[in-house]
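1. Provided below are the primary sequence and the corresponding predicted coordinates.
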Amino acid sequence: MSPISRRQFLRGALRGGRSPVRPPYAPREPDFVARCDRCGDCLRVCAERIIRIGEGGFPEIDFALGGCTLCGDCVSACRGRALVGSAPFSLLVQIGGGCLANQGVVCRACGEACDRGAIRFRLRVRGAAEPVLDPTACTGCGGCLGRCPVQALTLVPTEREALAETA
């Protein structure tokens, strides 16, 4: 069982759950919540229209609506200086078992959607090419999520600093 936040405890969500994905460059959740004044300026300037109002009136990213281009407009518009983190997102794509390519079906939708080339395909003898993630190239922008026809991709939290040290 994953640890739960105070808010989850008070609302009776005792099974835990994932924290919402905040706009790019948001610091850790407690710092973001303390700094964000919930003005909505980041929503208004997002050209991709993927930022929405979430629980408590705080902005969060909805990758079902598309991926983030990391343009920085939301950071510039943030009056409360809530978007001051060191990396755009502390997320990496994870390719799940339901991936069509891993089941022998030719599909490269996620790789074609990735502008950074973080998802590449390794050829296999007598089979569909295997998707391979380059974690150093993945920005966690979510651009590939909506393109997967079987929703086999998820974003998982990661620490960018630890990733950089192992690369």
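-> Ah, there it is. Residues are numbered from 1 along each chain as shown.

2. what's the pLDDT at the residue in the chain sticking out farthest from the centre?
-> In the chain, the greatest distance from the average C-alpha position (CA atoms, centre = their mean) is reached by R126, at 33.4 Å. Confidence at R126, expressed as pLDDT, is 82.

3. again, but for the one 5 residues further on
-> As predicted, P131 sits at a pLDDT of 95.

4. what residues are up against the residue most central in space within the chain?
-> Centrality entry for the chain: nearest residue to the mean C-alpha point is G140, 4.4 Å, by CA atoms, centre = their mean. Contact partners of G140, counting by CB atoms under 8 Å, 6 or more residues apart in numbering, are P88, F89, S90, L91, L92, V93, L155, T158. For every residue, glycine as well, the C-beta is placed using N, CA and C.

5. helix/strand/coil for it?
-> Following DSSP: H, G, I helix; E, B strand; the rest coil, the label given to G140 is coil.

6. so for the host helix or strand of V75, what's the average pLDDT?
-> When secondary structure is defined by DSSP states H and E, V75 falls within helix 73-77. When the per-residue pLDDT values of helix 73-77 are averaged, the result is 95.

7. okay, and for this structure, where does confidence drop off?
-> 1-18, 159-167 (pLDDT under 70).

8. For whichever strand or helix holds P131, what is the distance to the chain centroid?
-> Element membership of P131 [criterion: DSSP H and E] is strand 127-133. Mean-position distance between strand 127-133 and its chain equals 22 Å (CA atoms, centre = their mean, to the nearest Å).

9. Strands of the chain, residue ranges please.
-> Under the criterion DSSP state E, the chain carries strands at the ranges 51-53, 59-61, 91-95, 119-124, 127-133, 153-157.

10. Including mean neighbour count and distance to D73, could these go into CSV?
-> Formatted as CSV, the strands of the chain follow (neighbours: other CB atoms under 10 Å; distance: least, CB to CB, whole Å):
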stretch, mean neighbour count, distance to D73
strand 51-53, 16, 10
strand 59-61, 24, 13
strand 91-95, 19, 20
strand 119-124, 14, 26
strand 127-133, 16, 27
strand 153-157, 17, 21
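
11. any chance of those strands in a markdown table, with distance to A109 too?
-> As requested, the strands of the chain are exported to a markdown table (distance: least, CB to CB, whole Å):
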| stretch | distance to A109 |
| --- | --- |
| strand 51-53 | 24 |
| strand 59-61 | 20 |
| strand 91-95 | 12 |
| strand 119-124 | 10 |
| strand 127-133 | 10 |
| strand 153-157 | 10 |
